[in-house]
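In: Build the 3D model from these lines:
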Amino acid sequence: PAGRTPWRAASYCAVDLELTGLDPKQHEIVSFGAVPIEDGRLQLSAAVHARVRPLRSISAASIRVHGMRPADLADAPPLDVAIDPLLAAMAGRITVVHVAAIERGFLRPALRRQGLRLRGPIIDTSVLGLVWLHERDGHAPRQTSLADLAMALGLPSHSPHDAIGDALTTAQAFVALATHLDARRTQTVRSLTSAGRRLQSLLSYPSR
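Out: Coordinates of the predicted model:
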C-alpha cells in the first residue's frame with residue numbers, strides 16, 4: 001500500500017520463526033507461525049503454523065529454547081515443502097515481526113529458494129515498542145523482549161518460544177502499539193514502517 005495509507009486500511013501478517021540458532025548461514029527454521037491482520041483485527045481463522053525438519057542436527061541449547069527434539073521433527077516436511085502456507089499468509093501483506101534483523105535473515109533465503117523475494121518494508125514490534133515507551137515515559141530501554149513488551153502493554157504472552165504463540169503475541173502487540181501511537185499522532189503505513197528513524201530521533205533528542 002501507499003505510504004500515506006491509514007494504518008488500519010492496510011493488510012499485515014505477523015510472523016514468528018523458531019530457529020536452531022541465530023546465524024542464517026549455519027542455522028535453520030524448525031517451525032513458523034503467521035497471523036494475518038485486516039482492518040486492525042487479527043484473523044485467527046486464517047492463522048497458519050507448521051513444524052519443519054532441519055537438514056542439520058539440533059543443538060541441546062536450541063532444544064532448551066523451543067523444546068523441540070529431533071524426534072519431534074522427524075516426520076515434519078523440509079522447509080521448501082512446508083513453506084507454502086506461510087507464503088500464502090504473507091502474500092500481499094506487510095510483514096510484522098519482533099526483531100526484524102533476525103527474522104529477515106532467515107526469511108530472505110527461504111523465499112529466494114522459491115524464486116521469490118521479500119518485498120517492501122518490515123514492521124518491527126521491538127522498534128515500535130521502544131518508540132511507544134519513549135513517548136510514554138520520556139525514555140526507553142535499549143531493547144525489549146516480546147514478553148516484556150506484552151507485559152508493558154497489558155497483554156498475555158501466548159506460549160513463548162512456540163511459533164504460533166509468539167506470532168499471536170506479536171500480532172496483538174502490533175495492533176495495541178499502532179492504536180496507542182495513533183491516539184497521539186495519526187499513524188500511516190509510512191510512519192509505522194519508518195519507526196526506526198523516529199526512534200533514532202527520540203534517542204538523539206531525549207525528552208526532558
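In: Now do the phi/psi pair for the spatially most central residue of the chain.
Out: Nearest residue to the geometric centre of the chain (Cα atoms, centre = their mean): residue 97, 1.4 Å. For residue 97, the backbone dihedrals (degrees, to the nearest 10) come out as phi -140, psi 170.
In: which non-adjacent residue is nearest it?
Out: residue 103 (4.0 Å; Cβ to Cβ, 6 or more residues apart in numbering). Bear in mind the C-beta positions are built from the backbone N, C-alpha and C, glycine included.
In: residues contacting residue 120?
Out: Applying Cβ atoms under 8 Å, 6 or more residues apart in numbering, we find residue 120 in contact with 94-95, 193.
In: State the helix or strand in which it lies.
Out: Using DSSP states H and E, residue 120 is not contained in any helix or strand.
In: quick one: which of the contacts of residue 120 is nearest residue 31?
Out: Using Cβ to Cβ, residue 95 is the member of the contacts of residue 120 that sits closest to residue 31, with 17.1 Å.
In: can you tell me which residues contact the residue lying closest to that closest one once chain neighbours are set aside?
Out: Excluding the flanking residues, the one nearest residue 95 by Cβ to Cβ, 6+ apart is residue 122, at 4.8 Å. Residue 122 makes contacts with 94-97, 100, 103-104, 193, as judged by Cβ under 8 Å, 6+ apart.
In: Phi, psi for residue 122 please.
Out: Note on residue 122: backbone dihedrals following degrees, to the nearest 10 are phi -110, psi 140.
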